[in-house]
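Novice: everything below, folded, please.
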Amino acid sequence: MAHLYRLALEKAEPNARYHAVAEEGVSMRAIVEALGRRLKLPVEAITPEEGQALFGWFARFAGHDLAASSVQTRRQLGWEPTGPCLIADLERLDLNER
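Specialist: This is a model prediction of the structure:
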């Protein structure tokens, strides 16, 4: 990640936005299911109203799959992501690390 920050500082274009994502199309559902598996917690769908009650203002974000793409970042900065994809990273999350 530090490499990408350095590239952004060195090559940034005015008003440019860069996305540090390795893959596209990872749904909120897939993220929550991975966390549930890792934490050994059940995961179930809830209604938008239940989401609002549970998440408050964050429900606007949690209830949508907000796609991000690093195609522009890769092209403009010459960056290629390294390391595990998001789901694999969540699956190996160290729960004892503080």
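
Novice: C-alpha only now, for contacts and for neighbours.
Specialist: Noted.

Novice: which residues does residue 75 contact?
Specialist: Counting by CA atoms under 8 Å, 6 or more residues apart in numbering, residue 75 touches no other residue.

Novice: so which helix or strand takes in it?
Specialist: Secondary structure assignment for residue 75, by DSSP states H and E: helix 71-77.

Novice: quick one: buried residues of that helix?
Specialist: Residues of helix 71-77 classed as buried: 71, 73-74, 76-77 (neighbour count, 16 or more other CA atoms under 10 Å).

Novice: any regions of this protein where pLDDT drops low?
Specialist: Within the chain, the stretches falling below the threshold (pLDDT under 70) are 97-98.

Novice: where do the helices sit along this protein?
Specialist: Taking DSSP state H, the helices of the chain run over residues 2-11, 28-39, 48-55, 59-62, 71-77, 86-91.

Novice: related to what we said a few turns ago, quick one: which of the buried residues of helix 71-77 is nearest to residue 29?
Specialist: Using CA to CA, residue 71 is the member of the buried residues of helix 71-77 that lies nearest residue 29, at 23.1 Å.
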